[in-house]
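*Asks:* How does the following fold in three dimensions:
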Amino acid sequence: MRFVILGGGPAGHQAATYAARLGAEVTVVERDVLGGAAHLWDCIPSKAMIATGGAMSFTRRVSGMGLEHAEAGVDIEALTTRIEDIKAHLQRDIIQLLDSQGVRIVNGVGRFTSPHTVLVDGPEGTEEIEFDTALVSTGSRPRVPDWCTPDGDRILTTRDCYPPKSFPESVTVVGSGVTGVEFVHMFSSFGAEVTLVVSRQHVLPGKDPEVAGVLEDDFVARGVKLLKGARAERIDRDPDGDGVIVRCDDGRSVRSSHAVLAIGSVPNTESLGLDAAGVVTDGGYIPINHHCVTNQKHIYAAGDVSGKLPLSSVASMQGRKVAEHVMGLHTIEHRHLDYDKAASAIFTEPEIADVGLAEAEAFAEGRKIRVTKVPFATTAKAQINNDPRGFVKIISDPATGVVLGGSIVGRHAAELISVIALAVTANLRVNDIVESLLVHPALSEALAEAAE
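*Replies:* Below is the predicted model of the structure:
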């Protein structure tokens, strides 16, 4: 089986590794960085900076733990080196893994020239690759609206923010979704004056309003200004200074030293020659079925280009499922990927994580649910950590006790949500969590209490 993969991100390298183990002849075509540009240029650097910012925030709270107050300063050069080292380490591990499985790596830009051929333009020339099956996993890039032209200096996309050249004195973040609020947290942790343009009446539209409320409270406590009900329509360089002016559709405007666009992403599909392969697109995305198969039965799509949840974890699992289908394993025991059961996290402070059915979604559908909520402040570990913020909320079926979903706001929420995610995926009951013998003292005790 000749299997060619366009894009070596989470979906691509996972599919390559697994298919090669199963005996496929695999070629990965990558134009930028193995591991994925969105992953290694966006996700990993931003989380590394958030972790550093979180450490700085922690130093401001140490007096509550019996320590003298200490103010940490940031070393931009050291932080840049740290980010680059993490990226290099992860990329090196991926390359070693692919090499160990006999995967051929071709550096260059690939495009379809027919339903069974790909032409690659690379630094060493042009090469035509014939294939039996193919996977498109070319990822996405930050969306730039037509009313704004980022300059990489003062008007930035998220990808322009790291490694940091310098930290802004003030910054206006446009976009109050997941990426936007993470950048608000990051910049405010480093001491910048931050304004967030919120087009709705609360941050994180689509998330539990109670969850969003906790985050908004923390932002306000940090001194973040929330410009609610405003939609940015223009960003100009300030003619009277070195900063920028973000102008909104309601007449309000914000001056700051920098502005960051965090308004989503667009799929990288426009130059792939998909027409030559007979693959249809919808708004740039590639429609797929539950096996990640496109309208061409031998061509697959996964990751951000598939239009499903734009999460690295989802892309990796899609890649594994593609490999299984390519090699015929779907004819035996095979579980389809259920996107409704994917856990996600937002790395703000406090962290936010959720999985499965949301409370607001259930009420909108008129579905009967049982909702239980326990604040972390009731646990000994939260008091020990001097961080009682947040809560655990579990949603279950009142008739069967089966866990349908949950939300966590607080320290280590991204780790703790795994327990609820496992319960949702495996159709466990709340009693299964209650009867688990968990560690004491630990934040996970709130999970058992919320399940009672």
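*Asks:* what's the domain layout of this structure?
*Replies:* For the chain, automatic domain parsing gives the domain ranges 2-142+266-331, 155-263, 350-451.
*Asks:* Now do the helices in the protein.
*Replies:* For the chain, the helices defined by DSSP state H cover 10-21, 37, 44-59, 76-100, 178-189, 209-222, 274-277, 312-326, 359-364, 380-384, 413-425, 430-434, 445-451.
*Asks:* Next, format these as JSON lines and append distance to P398 and mean neighbour count.
*Replies:* Yep, even glycine has a C-beta here, placed from its N, CA and C like the rest. Output for those, formatted as JSON lines (distance: least, Cβ to Cβ, whole Å; neighbours: other Cβ atoms under 10 Å):
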{"stretch": "helix 10-21", "distance to P398": "37", "mean neighbour count": "27"}
{"stretch": "helix 37", "distance to P398": "45", "mean neighbour count": "21"}
{"stretch": "helix 44-59", "distance to P398": "37", "mean neighbour count": "18"}
{"stretch": "helix 76-100", "distance to P398": "44", "mean neighbour count": "15"}
{"stretch": "helix 178-189", "distance to P398": "31", "mean neighbour count": "25"}
{"stretch": "helix 209-222", "distance to P398": "20", "mean neighbour count": "17"}
{"stretch": "helix 274-277", "distance to P398": "47", "mean neighbour count": "17"}
{"stretch": "helix 312-326", "distance to P398": "30", "mean neighbour count": "23"}
{"stretch": "helix 359-364", "distance to P398": "11", "mean neighbour count": "14"}
{"stretch": "helix 380-384", "distance to P398": "28", "mean neighbour count": "16"}
{"stretch": "helix 413-425", "distance to P398": "16", "mean neighbour count": "21"}
{"stretch": "helix 430-434", "distance to P398": "10", "mean neighbour count": "18"}
{"stretch": "helix 445-451", "distance to P398": "13", "mean neighbour count": "23"}
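*Asks:* hey, which helix or strand in the protein has the poorest pLDDT?
*Replies:* When each helix and strand of the chain is scored by mean pLDDT, DSSP states H and E, helix 37 comes last, with a mean of 82.
*Asks:* where does this structure dip in pLDDT?
*Replies:* Counting by pLDDT under 70, the chain shows low-confidence ranges at 70, 333-334.
*Asks:* partner residues bridging the nearest residue to L272 once chain neighbours are set aside?
*Replies:* Excluding its sequence neighbours, the residue lying closest to L272 (Cβ to Cβ, 6 or more residues apart in numbering) is R111, at 5.3 Å. Counting by DSSP bridges, R111 is bridged to L119.
*Asks:* In contact with R111: list those residues for me.
*Replies:* R111 makes contacts with 118-119, 271-273, 276, as judged by Cβ atoms under 8 Å, 6 or more residues apart in numbering.
*Asks:* Could you check how far the residue most central in space within the chain is from L337?
*Replies:* The C-alpha lying nearest the average C-alpha coordinate of the chain belongs to L311 (Cα atoms, centre = their mean; 4.7 Å). From L311 across to L337, the span is 12 Å (Cβ to Cβ, to the nearest Å).
*Asks:* Check P441 too.
*Replies:* Taken as Cβ to Cβ, the span from P441 to L337 is 36 Å.
*Asks:* Let me see the contact set for the closest residue in space to H202 that isn't next to it in sequence.
*Replies:* Excluding the flanking residues, the one nearest H202 by Cβ to Cβ, 6+ apart is A212, at 4.8 Å. A212 sits next to 202-204 when contact means Cβ under 8 Å, 6+ apart.
*Asks:* Just the closest of these to D236, please.
*Replies:* Nearest to D236 among the contacts of A212, counting by Cβ to Cβ, is V203 at 24.9 Å.
*Asks:* quick one, longest strand in this protein?
*Replies:* Longest strand of the chain, by residue count under DSSP state E: strand 403-410.
*Asks:* Dump that one to PDB, restricted to CA.
*Replies:* Taking C-alpha atoms only, strand 403-410 is exported to PDB below (Å, rounded to 0.1, in the frame of the first residue of the first chain):
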ATOM      1  CA  VAL A 403     -21.900  10.600  33.000                       C
ATOM      2  CA  LEU A 404     -22.800  12.800  30.100                       C
ATOM      3  CA  GLY A 405     -20.300  15.600  30.500                       C
ATOM      4  CA  GLY A 406     -18.600  18.000  32.800                       C
ATOM      5  CA  SER A 407     -16.700  21.300  33.300                       C
ATOM      6  CA  ILE A 408     -13.800  22.200  35.500                       C
ATOM      7  CA  VAL A 409     -12.500  25.600  36.300                       C
ATOM      8  CA  GLY A 410      -9.400  25.800  38.500                       C
END
